[in-house]
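K.L.:
using only what follows, build the 3D model:
(chains A, B and C)
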Amino acid sequence: MEKNVFSRIPMRTWRWLGVNEARAPENIDSEIKNKQILVDRETEENLVLTHREAGSYEVQIHLEAGARLNLVLAQLTPSDAAYTCRVRAHVADGAEFSYTVVEAGAHETVTELYVDLAGKEAKADVWGLYLGDGDSRIDMNYIIRQEGRLTDANMQVRGALLGESQKVFRGTLDFLEGSTGSVGRENEEVMLLSPKVRNRSVPIMLSHEADVDGHHAVSVGKMDENKLFYLMSRGLDLAEAQRLVVEASFRPVIDRIGDEALRDEIDTFLMRRLANG
Amino acid sequence: MSQLLEIKDLVAGVEGKSILKGLSLSVGKGEVHVILGPNGSGKSTLMNVIMGHPKYEVTGGSIAFEGESIEDLKTFERAKKGLFLSFQTPEEIPGITVENMLRTAKQAVTGEKVKVVPFRRELKSLMEELKMKPEYAQRYLNVGFSGGEKKRTEILQLLMLNPKLAMLDETDSGLDVDAVQIVSEGVAKFHNAENSCLIITHNTRILEKLKVDKVHVLMNGKIVEEGGPELIDDINRRGFTHILDGASEGK
Amino acid sequence: MAEEFVPKKKTYVEDIERTLYDIRDEDRSVYKSHSGLTEDIIRDISKRKNDPEWMTEFRLKSLETYNNMPLPTWGPDLSELNMDEIVTYVQPDAKMTGNWQEVPEDIKNTFDRLGIPEAEQKQSLAGVGAQYDSEVVYHSIQEDLVKQGVIYTDMETALWEHGDIVKEYFMTLVPPKDHKFTALHGAVWSGGSFVYVPEGVHVEIPLQSYFRLNAAGAGQFEHTLIIVEKGASLHFIEGCSAPKYNVTNLHAGCVELFVKEGARLRYSTIENWSRNMMNLNTKRAIVEKDGIIEWVSGSFGSHVSCLYPCSILHGENARCEFTGVTFASKGQNLDTGASVIHAAPHTSANINTRTISKAGGAATYRSAVKVTRNAPFAKCSVNCESLMLDSESRSDTLPVMDIEGDEADIGHEAKIGRISDEAIFYLTSRGIDEEEARAMIVRGFVEPIAKELPLEYAVEMNNLVNIELEGTMG
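P.N.:
Next comes the predicted model:
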């Protein structure tokens, strides 16, 4: 096996596309900063993790039956940082994992999210946001495994790429045999803001169960010109108008962050990168 | 003579939750009946149960059609006996054209091979009457149809299949005045002394061209009051609550 | 295996079951011995086929590539492939059976149920026998076409009569080094069609290519080369819907399509191989300025299929329309899809597919959409829907979009699910029985593809769907 492979997609495809595996950055500090979260049966927890330093992170989550976790993860590492993060969640009967992740910093970002909807009526609601600028590289692999009956997965990702940034997003919904009555939704919207960016999107849907309802969609492109025109007709210059449109697309993710101070910090962080891009 | 449709003490529900709680109702041949009732009272459930929707479980009572029990019949067998349901929200089915669906259904219901030329002629003339564009015959069933177009397609099927009992589940809801007019003319054209109608409506306009024989008020899974057409005006003026009050006083 | 994923110093907690993924990633490099195919054998084939010298060299070079290449590490399990047997088969003294008696029973039944009358049935098979020699197959229409300067012949004849053209194009679009099976193809190819449509000529009637089983074993590795010159147009139908009986278990054909400026080519295929076939076919088109390639592809048969027609949109405004349907039933693993490479400005593509799986069959939709930096204003829209008729089956969707630059407009949508109970209820409430209602819905599901086919093929596809559905539902 090759070195530095951090994460793989559950089903391989053509090698020339370079999406089969996500590789850890060469210069990564490989000491793992580990965090374990256990949410007891029928309890609810709200948690915010802010990663401000470069390095390798890992978060392990166990939701007992009926538990609910609302986790916000803000990655605000310096713009020269190498960063990896692996989040793994086990979701038991009737438990709900609500996850909001913002990849706003770092020069190299490599992440994995692996959610196992193991129990009946287990639920995952995942909202992610990324912003690439300069020559930054973002490599994500999200997998939601729908194992229990009547599970519900929602994966919503918004992103924007500036400068010469490169990004890969892989999102997998995997309906296992026996996951009857389960639903899965996956959606990625990417805005391309510079002629030198490279975007790769891999929306995977695997099913071994007929009684499911799965849907995925990706849209990749420029900003809506009508929107830009409208804003510019109101006196904004192109850069300002673009910033507003990007901000609007990020809104549904940012608005899920309850902590106002953090929200403002993320806003400032993102806007600074956007302005420089 | 026996009733066309006779329901006795019907108990039915979905996933263990009972919705119809001992409902009785009969419709005679040639009659037009109206069912009124607030949202959630079980009106649509009743029609789905009569048509044999597999989602609903019948746990008590009986449904007879032309004197024969139909509870054990599958949906398509009920349709062949002459039952028809105009759906409140008709399904969109991609890939099946309106014409193909109707031809298949007509063949199934009549048990005879449908001759293409007269079938097409009939279809075309009925579509004209319903003010449907002829190209809709080749469109996929209800896919991309407006609310009004879907309901007109339901009436088109009613007229083509010519059942003995037409159940109309809010066929007039969400339609503008002109569309209600077209739909009600369609129903009036269908109705004669040999067939019957059972109509759920919130709108009296659809009834203007029909002579209503009986009105049933359905609340909380039971028929709580029955009467003649005058009951419609009464409810339009005073709402449902006074009936419920009256019913509980009666106990 | 988990260690592989982890940076060095870490302590790793095995809290989540990974078995499933590990199984899918298993190493398939079991079949490395392919010593059965030797230079002598290739020289022998080449001599027997009366190749020009450059082709003999080409074959030998391909053989070298083949011997040095591993099996693909992705896609369906190919471990059932016994390379030695296949190699043995391509040896010149191998005899192919063209005997109707040896056609498997289920294929004969399919013929019957397709409504092909017995007489015609016999004739069509005997006809295939008589027409093993590909020159004869299209003789009747050839005269019309010849007057317009159209060339339509088998590849062997083309090698001699139109050697310059063949040499210019042959395996330039799909080079032998592409993957192991194209290398094999380059070494042992035999049979196939050559079509050349001169500038401005519109071939009004579709050309049809029936499968040819020459005694020498052509057919498993047939090569199709089509060149549609500037402003010309052609509809080519490959394979027909008749199930093809084949003694071997590997089909590694190759299709190369050259669509020149302003030209239009429609390439339709309905494949219904018998269920012992490994169908590893490679198809590729290159489309110049304002040209259009349209693929219509129906995959019903075979045991394992890997089929992803590729369109390289090489000239400005070049366009690709891909319409595909795949129906995987018991014992089948059909891995199909498409790829599009946008390599010039204002190129556009539409990919529209439907897959059905039932009775333990596995259907995979796999695709790649690549927009290079040279392709501003590229547009691509992908829509794939999967229908599963039971939970023994599998249905997977694995698309990749790789976009460079900011002037692209790419949309992808996929759905997976089953026949809705409400739709069944609706149809049965009109008097249609459940089995027929399901069949209608399945036919409706593939209708967007059926309507792209010439009528006779659409009818046959519906028949194939009906045969597949019969007795399995309700």
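K.L.:
is it true that residue A:43 touches residue A:67?
P.N.:
Yes - with contacts counted by CB atoms under 8 Å, residue A:43 reaches residue A:67, the gap being 5.8 Å. For glycine as for every other residue, the C-beta is placed from the backbone atoms N, C-alpha and C.
K.L.:
quick one, which of these two is more surrounded?
P.N.:
Legend: neighbour count by other CB atoms under 10 Å in any protein chain shown for residue A:43 and residue A:67, higher for residue A:67 (23 against 12).
K.L.:
confidence score at the nearest residue to that one once chain neighbours are set aside?
P.N.:
What sits nearest to residue A:67 in space, not counting adjacent residues and going by CB to CB, 6 or more residues apart in numbering or on different chains, is residue A:39, at 3.9 Å. Note on residue A:39: pLDDT of 96.
K.L.:
next one: residue A:39 from residue C:397, what distance?
P.N.:
Counting by CB to CB, to the nearest Å, the separation of residue A:39 from residue C:397 is 32 Å.
K.L.:
looking at these two, which is more packed in?
P.N.:
With neighbours defined as other CB under 10 Å, residue A:39 and residue C:397 compare such that residue C:397 has more, 29 against 25.
K.L.:
next one: phi and psi at that one?
P.N.:
Backbone torsions of residue C:397, given as degrees, to the nearest 10, read phi -130, psi 120.
K.L.:
same question, residue A:36
P.N.:
According to degrees, to the nearest 10, the main-chain angles of residue A:36 amount to phi -120, psi 140.
K.L.:
and what of the one 5 residues further on?
P.N.:
Recorded main-chain torsions at residue A:41 are phi -50, psi 130, according to degrees, to the nearest 10.
K.L.:
what do you get for residue A:238?
P.N.:
Residue A:238 adopts backbone torsions of phi -60, psi -50, taken as degrees, to the nearest 10.
K.L.:
and residue 175, what does it touch?
P.N.:
In the absence of a named chain, this looks at chain A. A:146, A:182, A:184, A:205-209, A:212, A:214, C:416 (CB atoms under 8 Å, 6 or more residues apart in numbering or on different chains).
K.L.:
chain C, not that one
P.N.:
With contact taken as CB under 8 Å, 6+ apart, residue C:175 is in contact with residue C:182.
K.L.:
contacts with chain B among the contacts of residue A:175, please.
P.N.:
Taking CB under 8 Å from any CB of the partner chain as the test, chain B is in contact with none of the contacts of residue A:175.
K.L.:
next, the distance between the ends of stretch B:66-79.
P.N.:
Terminal residues of stretch B:66-79 lie 13 Å apart, using CA to CA, to the nearest Å.
K.L.:
list the contacts of it.
P.N.:
B:2, B:4, B:6, B:50-54, B:58, B:62-65, B:81-83, B:105, B:108-109, B:161, B:163-164, C:425, C:428-434, C:437.
K.L.:
can we see that at 6 Å?
P.N.:
Stretch B:66-79 is contacted by residues B:2, B:51-52, B:63, C:428-433 when judged by CB atoms under 6 Å, 6 or more residues apart in numbering or on different chains.
K.L.:
give the rounded mean pLDDT of that stretch.
P.N.:
Mean pLDDT, computed over stretch B:66-79, is 92.
K.L.:
please apply the same query to stretch C:197-216.
P.N.:
What stretch C:197-216 shows for mean pLDDT is 69.
K.L.:
flag every buried residue along stretch B:40-59.
P.N.:
B:41-53, B:56, B:58 (16 or more other CB atoms under 10 Å in any protein chain shown).
K.L.:
in strands, which of these fall?
P.N.:
residue B:58 (DSSP state E).
K.L.:
how about the buried residues of stretch B:40-59, which pair is most distant?
P.N.:
B:41 and B:52 (20.8 Å; CB to CB).
K.L.:
could I get the contacts of residue A:175 as CSV with neighbour count and secondary structure?
P.N.:
Converted to CSV, those look like this (neighbours: other CB atoms under 10 Å in any protein chain shown; DSSP: H, G, I helix; E, B strand; the rest coil):
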residue, neighbour count, secondary structure
A:146, 29, strand
A:182, 27, strand
A:184, 26, strand
A:205, 26, strand
A:206, 25, strand
A:207, 29, strand
A:208, 21, coil
A:209, 26, coil
A:212, 25, strand
A:214, 25, strand
C:416, 27, strand
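K.L.:
circling back to that earlier point, tell me the one of the contacts of stretch B:66-79 nearest chain A?
P.N.:
Lowest distance from chain A to those (CB to the nearest CB) belongs to residue C:428, with 19.0 Å.
K.L.:
and that closest one, how far from chain B?
P.N.:
Applying CB to the nearest CB, to the nearest Å, the value for residue C:428 to chain B is 4 Å.
K.L.:
residue C:387 now?
P.N.:
11 Å.
K.L.:
ok, that residue - how many residues close by?
P.N.:
Based on other CB under 10 Å, the number of other residues close to residue C:387 is 23.
K.L.:
list the residues that contact residue A:149.
P.N.:
A:120, A:180-181.
K.L.:
and these, which are buried?
P.N.:
For those, buried by 16+ other CB under 10 Å: A:120, A:180.
K.L.:
in CSV: the contacts of residue A:149, plus distance to residue B:188, pLDDT and secondary structure.
P.N.:
As requested, the contacts of residue A:149 are exported to CSV (distance: CB to CB, whole Å; pLDDT from 0 to 100; DSSP: H, G, I helix; E, B strand; the rest coil):
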residue, distance to residue B:188, pLDDT, secondary structure
A:120, 51, 97, coil
A:180, 46, 94, coil
A:181, 43, 94, coil
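K.L.:
just the contacts of residue A:149 now: which is nearest chain C?
P.N.:
residue A:180 (7.6 Å).
K.L.:
check whether the closest one really touches residue A:210, as I assumed.
P.N.:
No - judged on CB atoms under 6 Å, residue A:180 makes no contact with residue A:210 at a distance of 8.4 Å.
K.L.:
in the sheet, who's paired with residue A:103?
P.N.:
residue A:75, residue A:130 (DSSP bridges).
K.L.:
separation between the residue nearest to residue A:95 when sequence neighbours are not counted and chain B?
P.N.:
Among residues not flanking residue A:95 along the chain, residue A:63 sits closest, at 3.9 Å (CB to CB, 6+ apart). Per CB to the nearest CB, residue A:63 is found 26 Å from chain B.
K.L.:
in stretch B:136-143, what counts as buried?
P.N.:
Judged by neighbour count using 16+ other CB under 10 Å, the buried positions of stretch B:136-143 are B:136-137, B:139-143.
K.L.:
ignore the last one, stretch A:168-177
P.N.:
A:168-176.
K.L.:
just the ones in strands from those, please.
P.N.:
Among these, the members falling in strands (DSSP E) are A:168-175.
K.L.:
what's around whichever residue of the stretch 251-400 of chain C sits closest to chain A, how many residues?
P.N.:
Nearest residue of the stretch 251-400 of chain C to chain A (CB to the nearest CB) works out as residue C:388 at 3.9 Å. Neighbours of residue C:388 under the rule other CB under 10 Å: 26.
K.L.:
residue A:27 too?
P.N.:
Counted with other CB under 10 Å, residue A:27 comes out at 11.
K.L.:
surely it touches residue A:82?
P.N.:
Yes - between residue A:27 and residue A:82 there is a contact at 5.3 Å, judged by CB under 6 Å.
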